[in-house]
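Participant: okay, sequence plus prediction incoming.
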Amino acid sequence: MSLEPLARLDLSIAERIEALRTIEEEVRVCQNCSLAQGRTLAVPGFGNFESVVMFVGEGPGFEEDRQGRPFVGRSGQFLTEMLSKVGVQREDVFITNVVKCRPPNNRDPLPEELAACGDFLTRQIALINPRIIVTLGRFSMTRWFPGASITKIHGQVKNIGRGRVALAMFHPAAALRNPPWAADFERDLQQLPRLIERAKRANEAAQRGEALLPGTPHPGDPDYVEPPQDGDASDLAQSRLL
Ligand code: SF4
């Protein structure tokens, strides 16, 4: 059974945006864990609420804590540059973290902090309903690739249920500290345009009423077989259901 939250498809886009704004307000005043005490500003997330892609990092750093936005320091600049290299604009994706307040001295988030903050991320995923979740670093990777090692599985794409895939990547800060990992980061990210293209096609198919049946491989899956490009419409519809 999938652990992924159900998408809130019962809501209109306007209602989903309103609910996402409500989450932002809740995060800004949240006192659910001890990270509230040291923060300047909480960082709920930022970007396109209708994106097919959500990036999930670890937690805010120094600059993020001052500005209240995710990935605005050196790591953010690196991420923006890498996205631009593969033809993806940062404004077109949504970016957030597993914890929304800065851990002191950028230490790792504690299990109780991850648990306290997890529901915000779950609700954001249900409302944005991204087809692709890109995990940046160990802590978001663990949510979808439990027990895995980032050095072994970076670049892997996994079907995580509810029509979504997760792509595991190094955290940009780790890539900046380690040049070989920066090269891996760039190579792993090169998969994104293809995944976005497939995700958009899957959404278009769903809008036409060609909903993928439960258990159907998602077009983002690495083992998904491309439908014939020149086949007729019935062939295409059939191939989506195989
Ligand atoms: Fe609340 Fe999350 Fe901030 Fe903890 S890290 S205070 S749970 S918003």
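Facilitator: That came through fine. Numbering: from 1, shown residues only.
Participant: strands along this protein, start to end?
Facilitator: 46-47, 53-57, 94-97, 132-136, 157-161, 164-169 (DSSP state E).
Participant: so for the fourth one, mean pLDDT?
Facilitator: What strand 132-136 shows for mean pLDDT is 97.
Participant: ok, back up a step: TSV for the strands of the chain, including distance to Glu24 and mean neighbour count?
Facilitator: Where C-beta positions appear, they are placed from N, C-alpha and C, glycine not excepted. Output for the strands of the chain, formatted as TSV (distance: least, Cβ to Cβ, whole Å; neighbours: other Cβ atoms under 10 Å):
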stretch	distance to Glu24	mean neighbour count
strand 46-47	9	20
strand 53-57	15	26
strand 94-97	10	26
strand 132-136	19	26
strand 157-161	24	18
strand 164-169	22	25
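Participant: out of those strands, the one nearest the ligand is which?
Facilitator: Evaluated over the strands of the chain, closeness to the ligand peaks at strand 94-97, with 8.9 Å, by Cβ to the nearest ligand atom.
Participant: which of the strands of the chain has the lowest mean pLDDT?
Facilitator: Mean pLDDT per stretch puts strand 157-161 lowest among the strands of the chain, at a mean of 87.
Participant: helices of this protein, residue ranges please.
Facilitator: Along the chain, the segments classed as helices by DSSP state H run 13-29, 35-38, 62-67, 74-85, 111-128, 138-144, 150-153, 172-177, 179-189, 192-207, 233-241.
Participant: does the longest one reach the ligand?
Facilitator: Yes - in terms of Cβ under 6 Å from any ligand atom, part of helix 111-128 sits within range of the ligand, namely 113, 116-117.
Participant: number of residues surrounding Arg8?
Facilitator: Using other Cβ atoms under 10 Å, Arg8 has 16 neighbouring residues.
Participant: and if you look at Arg74?
Facilitator: So Arg74, with other Cβ under 10 Å, has 13 neighbours.
Participant: export the residues of helix 111-128 next to the ligand to TSV and tack on neighbour count?
Facilitator: As requested, the residues of helix 111-128 next to the ligand are exported to TSV (neighbours: other Cβ atoms under 10 Å):
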residue	neighbour count
Glu113	20
Ala116	20
Cys117	23
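Participant: and which of those is nearest Gly38?
Facilitator: Gly38 lies nearest to Glu113 out of the residues of helix 111-128 next to the ligand, by Cβ to Cβ, at 11.3 Å.
Participant: isn't the closest one right up against Asn97?
Facilitator: No - using Cβ atoms under 8 Å, Glu113 is not in contact with Asn97, being 11.2 Å away.
Participant: sounds good, over and out.
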